[in-house]
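Novice: Fold the stuff below for me.
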Amino acid sequence: MRVDDVLAVLSRAETNGHALVLTGQLDRRMYERTNKVLEAAGGKWNRKAKAHLFDNEAATRVDQIILSGEVDVPKDEFNFFPSPPAVVERLMELADVSHGMRVLEPSAGKGAIAFACADAGARVDCYELMEENFVALAGDVRLGSVRHMDFLAQVPEASYDRVVMNPPFAKQADIRHVLHALRFLKLGGLLVSVMAASVAFRDNKLTADFRELIRQRGGDIEALPEGAFKASGTMVRSVIVTIPNDE
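Specialist: Numbers count the residues shown, from 1 in each chain. Below you'll find the predicted structure:
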């Protein structure tokens with residue numbers, strides 16, 4: 001079920017544990033459509049709680065709907081999906097990686113982005129949390145350092161010319177990863193990241209502040225074609241965000 005016209009309503013909703021509360025004034029037609037989506041996703045209106053209640057975390061379920069624009073979404077879909085060749089190609093065009101640059105890939109996965117940067121002549125350092133992926137990356141001579149740890153736990157050092165990345169999306173982790181990654185850029189550096197399409201329209205404070213940061217730094221949000229990650233087994237809708245570090 002496509003839910004494009006309900007996404008803005010869901011993006012403003014407040015969640016607390018298993019409960020979701022719709023905010024703002026909705027006309028009857030919009031409420032009925034939103035309620036239909038929430039019920040299809042497993043939410044049930046509870047008069048006493050004055051909220052829709054889910055069997056699991058409401059924030060997680062709603063994030064899945066916002067990310068994909070669909071109700072029927074596998075619960076573990078947004079933790080890891082490799083960057084397809086066409087997406088990597090566009091990242092490289094925007095990042096303009098050249099020989100001798102230091103490049104960071106903070107969520108390297110199977111190395112699609114990291115190896116493209118290395119092939120362009122850059123020294124590439126990576127972080128990867130998944131054991132299987134880390135072992136494969138650590139044994140490849142094309143890469144520089146490969147660390148098996150949570151990137152968000154790393155103390156920033158502003159030493160990179162480029163950050164090129166495809167971070168996890170669940171619970172808006174992509175925004176937190178990008179904000180942290182910006183602190184690793186040299187003055188004059190550039191960050192280029194795949195992100196959830198919801199960064200362009202969500203209304204919560206985290207997203208609104210992030211869009212303002214992009215604007216202030218002269219960055220850009222470019223929509224990827226629908227189905228850009230279909231080859232990786234997901235229809236999650238995504239964009240590419242570029243943010244210069246000229247401050």
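Novice: List the residues that contact F151.
Specialist: 106-107, 127, 129, 177, 180-181 (C-beta atoms under 8 Å, 6 or more residues apart in numbering). C-beta: built from backbone N, CA, C; applies to glycine.
Novice: now, which of the residues you listed lie within helices?
Specialist: Among these, the members found in helices (DSSP state H) are 177, 180-181.
Novice: so which of the residues you listed is the most crowded?
Specialist: A181 (26 neighbours; other C-beta atoms under 10 Å).
Novice: wait, what's in contact with the residue nearest to that one when sequence neighbours are not counted?
Specialist: Leaving aside its chain neighbours, A181 sits nearest to V163 (4.7 Å; criterion: C-beta to C-beta, 6 or more residues apart in numbering). Contact criterion C-beta under 8 Å, 6+ apart gives 103-106, 181-182, 184-185, 189-193 as the residues in contact with V163.
Novice: ok, now with 10 Å
Specialist: For V163, the contacting residues are 95, 102-106, 177-178, 180-185, 189-193, 243, 245, by C-beta atoms under 10 Å, 6 or more residues apart in numbering.
Novice: Check F210 too.
Specialist: Listed by C-beta under 10 Å, 6+ apart, the contact set of F210 reads 172, 174-176, 178-179, 195, 199, 202, 204, 221, 241, 243.
Novice: Could you work out the most separated pair of those?
Specialist: N204 and I243 (19.5 Å; C-beta to C-beta).
Novice: Looking at the two, which has the bigger crowd around it?
Specialist: I243 (25 against 14).
Novice: Please name the strands paired to the lengthiest strand in the chain in the sheet, noting orientation.
Specialist: In the chain, assigned by DSSP state E, the strand with the most residues is strand 185-196. Partners of strand 185-196 in the sheet, by DSSP bridges, are strand 160-165 (parallel), strand 238-245 (antiparallel).
Novice: Return the closest of the contacts of F210 with respect to P84.
Specialist: Nearest to P84 out of those is M195 (C-beta to C-beta; 15.6 Å).
Novice: which residue ranges form the strands in this structure?
Specialist: Going by DSSP E, the chain shows strands at 14-16, 19-21, 44-46, 51-53, 102-105, 123-127, 146-147, 160-165, 185-196, 220-223, 238-245.
Novice: Just the CA trace of the last one, in PDB.
Specialist: Put plainly, it is strand 238-245. Output in PDB follows, covering the C-alpha atoms of strand 238-245 (Å, rounded to 0.1, in the frame of the first residue of the first chain):
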ATOM      1  CA  SER A 238      16.800   7.600  -0.800                       C
ATOM      2  CA  VAL A 239      18.700  10.800  -1.700                       C
ATOM      3  CA  ILE A 240      22.300  11.900  -1.900                       C
ATOM      4  CA  VAL A 241      23.300  14.700   0.400                       C
ATOM      5  CA  THR A 242      26.400  16.800  -0.200                       C
ATOM      6  CA  ILE A 243      27.800  19.100   2.500                       C
ATOM      7  CA  PRO A 244      31.000  21.200   2.100                       C
ATOM      8  CA  ASN A 245      33.100  22.000   5.100                       C
END
